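**Q** Provided below for reference: sequence and predicted model.
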Amino acid sequence: MTVITKYAYDPELVAAAVELPKPESSSVQAARAQLADMMSQFPAPDTAGVTITDHLVPGPDGAPDVPVRIYRPDSQPAPVGILDAHAGRFILGGIEVSHAGNVAMARGVGAVVVSVDYRLAPEHPFPAGLEDCYAALSWFSAHAAEFGVDPERIAIHGESAGGGLCAGLALLARDRGGPSIAFQYLAFPQLDDRLRTPSMTAFVDTPLWDRPAAIQSWDAYLGAGHSGTDDVPCYAAPARATDLSRLPPAYISAKEFDPLRDEDIAYATALIAAGVPVELHLFPGTFHGSAVIASAEVSRRETTERIAVLRKALGA
């Protein structure tokens, strides 16, 4: 079991958190099996009011087509869209990871959501996953009118590794003169391969995400031996970016007892210093992915806030 008593978790999270497993980091295969087992325990979401289709979009040059899942709400009061990149340490899962959340997001925001089933490391290390996200964004922007979406009103959204991919995607789109991004929603994003922050060094035994899992993740994504070196590009680890100007407005959340906490706060601060409008929310008493304990009041606030922030940012 995960050690939890030394952390001042929100009281509503403690009882459930003791049942959560320590993140598997012995091998990628073991980590994938652990996630599959966890996912099997969640009920299928109620998809009423949302039409869901799977599609293939043209992949990056020389790469396979990219699978996406498209969520179209029955009620779409404004021509807005959201591109979602799922969580999973760059190495785990697929569009099923964010399926329930995307159903709720499409319905709650009234936005067309396109979820990207990007290629995973270590079989496909950086930049494969990021390029897949860029290809999906480019396709969505080019075909926005078919979905009743204004290409100038597409946000990007991701949690954890998905948040890191979205932060890298915003940098990449800016530097390539690529598709417009109206807003970046980065939920406890994975941003810094150097693993030197106080929270990253302190939280070695927290639920769902800890320092050993972070080491495994970056080694897989960048290739063994590259994490923390001088040749890691900012598109892989956005915390390394030295120019954050001209990026879309952002919302960044952080969890108090998450190894990613300090890099998330630092990135928000750096964006603000670069003149980017940012809303930063540190959720007290929480840990990485703690919103899976949906009955807790702090989890309900987190999920409600996501809808409210995106509706306001997109003018929905």
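**A** Cool, the structure landed.

**Q** ok, which stretches of the protein are strands?
**A** Using DSSP state E, the strands of the chain run over 50-57, 66-73, 81-85, 112-116, 154-159, 183-187, 250-255, 278-283.

**Q** need those strands in a markdown table with distance to residue 40, can you?
**A** Bear in mind the C-beta positions are built from the backbone N, C-alpha and C, glycine included. A markdown table is the format used below for the strands of the chain (distance: least, C-beta to C-beta, whole Å):
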| stretch | distance to residue 40 |
| --- | --- |
| strand 50-57 | 20 |
| strand 66-73 | 19 |
| strand 81-85 | 22 |
| strand 112-116 | 20 |
| strand 154-159 | 20 |
| strand 183-187 | 23 |
| strand 250-255 | 25 |
| strand 278-283 | 27 |
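
**Q** alpha carbons only: can I get stretch 133-140 in CSV?
**A** This file holds the C-alpha atoms of stretch 133-140, laid out as CSV (Å, rounded to 0.1, in the frame of the first residue of the first chain):
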residue,chain,number,x,y,z
CYS,A,133,-0.9,15.9,-31.3
TYR,A,134,0.3,18.6,-33.8
ALA,A,135,-1.1,16.5,-36.7
ALA,A,136,-4.5,16.2,-34.9
LEU,A,137,-4.6,19.9,-34.1
SER,A,138,-3.8,20.8,-37.7
TRP,A,139,-6.6,18.5,-38.9
PHE,A,140,-9.1,19.8,-36.4
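
**Q** quick one, what contacts the closest residue to residue 266 other than its chain neighbours?
**A** Of all residues not flanking residue 266 in the chain, residue 239 sits nearest, at 6.8 Å (C-beta to C-beta, 6 or more residues apart in numbering). Applying C-beta atoms under 8 Å, 6 or more residues apart in numbering to residue 239 gives the contacts 191, 192, 193, 194, 263, 266, 267.

**Q** for residue 79, same thing?
**A** So residue 79 contacts 144, 148, 149, 150, 153 (C-beta under 8 Å, 6+ apart).

**Q** where does pLDDT dip in this protein?
**A** 1-5 (pLDDT under 70).

**Q** tell me where it has helices.
**A** Along the chain, the stretches classed as helices by DSSP state H are 11-17, 28-40, 99-109, 128-142, 161-176, 198-202, 211-222, 261-273, 297-314.

**Q** any idea which of the ones you listed gets closest to residue 119?
**A** Nearest of the helices of the chain to residue 119, taken as C-beta to C-beta: helix 128-142 at 4.4 Å.

**Q** summarise which helices and strands that closest one is packed against.
**A** Packing partners of helix 128-142 (3 or more C-beta pairs under 8 Å, 6 or more residues apart in numbering; DSSP states H and E): strand 50-57, strand 66-73, strand 81-85, strand 112-116, strand 154-159, helix 161-176.

**Q** which strands and helices sit next to the longest one?
**A** The elements that helix 161-176 packs onto, with contact taken as 3+ C-beta pairs under 8 Å, 6+ apart, are strand 81-85, helix 128-142, strand 154-159, strand 183-187.

**Q** out of the strands of the chain, which is closest to residue 171?
**A** strand 183-187 (10.0 Å).

**Q** what are the pairing partners of the closest one, and which direction each?
**A** strand 154-159 (parallel), strand 250-255 (parallel) (DSSP bridges).

**Q** I figured residue 171 hits residue 238, correct?
**A** Yes: assessed by C-beta atoms under 8 Å, residue 171 is found in contact with residue 238 at 6.1 Å.

**Q** of the two, give the one with the bigger neighbour count.
**A** Each of residue 171 and residue 238 has its neighbours counted (other C-beta atoms under 10 Å); residue 238 has more, 29 against 20.

**Q** picking that back up, out of the strands paired with strand 183-187, flag the one nearest residue 126.
**A** Closest among the strands paired with strand 183-187, using C-beta to C-beta: strand 154-159, at 15.3 Å.

**Q** can you list the residues that contact that closest one?
**A** So strand 154-159 is contacted by 80-87, 98, 105, 111, 137, 140-141, 144, 164-166, 169-170, 179-189, 248, 289, 310, 313-314 (C-beta under 8 Å, 6+ apart).

**Q** got the CA coordinates for that strand in CSV?
**A** Provided in CSV are the C-alpha atoms of strand 154-159 (Å, rounded to 0.1, in the frame of the first residue of the first chain):
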residue,chain,number,x,y,z
ILE,A,154,-10.0,25.8,-30.3
ALA,A,155,-8.4,25.2,-26.8
ILE,A,156,-6.0,22.4,-25.9
HIS,A,157,-6.5,20.4,-22.8
GLY,A,158,-4.4,17.8,-21.0
GLU,A,159,-3.7,16.3,-17.6
